[in-house]
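Engineer: Here is a sequence together with a model predicted from it:
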Amino acid sequence: MVPVPSLWLPILLSAVIVFVVSWMIHMFLRYHRNDFGRVPSEDQVMDALRSFNIPPGEYMIPRADGPEGMRKPEFIEKLKRGPVALLTVMKPGVPNMGSSLVQWFLYCVVVSIFAAYVTGRTLGPGATYLHVFRFAGTTAFCGYALALWQSTIWYKRPWTVTLKLNFDGLLYALFTAGTFGWLWPR
């Protein structure tokens with residue numbers, strides 16, 4: 001068994017590497033450019049929504065108040081008429097990329113801590129590179145990729161977007177696994 005605190009270097013270094021790989025994917029590769037479609041008549045839609053002064057948050061349109069409301073004929077008619085939408089409203093203005101990047105880095109650290117915990121509880125000092133790679137990589141993949149399927153299953157995110165994000169998660173997991181395998185205590 002290897003305690004998590006003794007794995008601080010692979011935890012932090014793998015988080016830094018994943019952060020850089022993520023930056024490279026989003027800055028230089030173009031496969032995420034079309035993850036979000038453009039709403040027809042964007043300016044008119046924005047003007048219409050702005051008039052409602054919707055506070056930042058997550059919304060469902062139409063939304064029933066519980067299971068009994070979903071059976072009401074007027075709700076079913078709203079669904080048939082459409083549009084049916086999930087809406088994320090953010091604060092107006094230029095997004096604060098600094099805050100998002102800090103949160104992303106901290107998330108990378110958390111995934112690496114879980115990879116360290118699972119791998120450290122499973123393997124001892126001197127474990128082979130491939131054993132460490134397998135446990136750290138599998139755990140990191142779970143942290144970076146598997147929960148994304150829920151958005152496709154329940155909220156109808158396109159499968160193509162989820163699979164691209166899973167590919168990113170696989171790359172992040174491979175770099176995390178390689179870092180842990182390289183820096184594993186001998």
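Structural biologist: Okay, I see it. Numbering: from 1, shown residues only.
Engineer: ok, now which residue in this structure is the farthest from the centroid?
Structural biologist: Pro73 (36.5 Å; CA atoms, centre = their mean).
Engineer: burial count for Met24?
Structural biologist: 11 (other CB atoms under 10 Å). Any C-beta I mention is one placed from the backbone N, CA and C, and that applies to glycine too.
Engineer: Sorry, wrong one. I was asking about Gly181.
Structural biologist: Per other CB under 10 Å, the neighbour tally for Gly181 reads 21.
Engineer: Model confidence at it, what's the number?
Structural biologist: Per-residue confidence (pLDDT) for Gly181: 98.
Engineer: thinking it is in contact with Tyr129, fair?
Structural biologist: Yes - the pair Gly181 and Tyr129 passes the contact test of CB atoms under 8 Å, sitting 4.1 Å apart.
Engineer: who's in contact with the nearest residue to Met90 once chain neighbours are set aside?
Structural biologist: In space, and not counting its chain neighbours, Met90 is closest to Pro56: 5.6 Å by CB to CB, 6 or more residues apart in numbering. Neighbouring residues of Pro56 by CB atoms under 8 Å, 6 or more residues apart in numbering: Val89, Met90, Lys91.
Engineer: Need phi/psi at the last one.
Structural biologist: So the one you mean is Lys91. Here is the backbone geometry of Lys91 (degrees, to the nearest 10): phi -60, psi 140.
Engineer: next one: Arg38
Structural biologist: Backbone phi and psi, for Arg38 under degrees, to the nearest 10, turn out to be phi -100, psi 130.
Engineer: What is the neighbour count of it?
Structural biologist: 7.
Engineer: Span of stretch 26-35 from start to end?
Structural biologist: Its first and final residues considered, stretch 26-35 spans 12 Å by CA to CA, to the nearest Å.
Engineer: Provide a list of residues in contact with Phe135.
Structural biologist: Residues near Phe135 by CB under 8 Å, 6+ apart: Ala115, Val118, Thr119, Thr122, Leu123.
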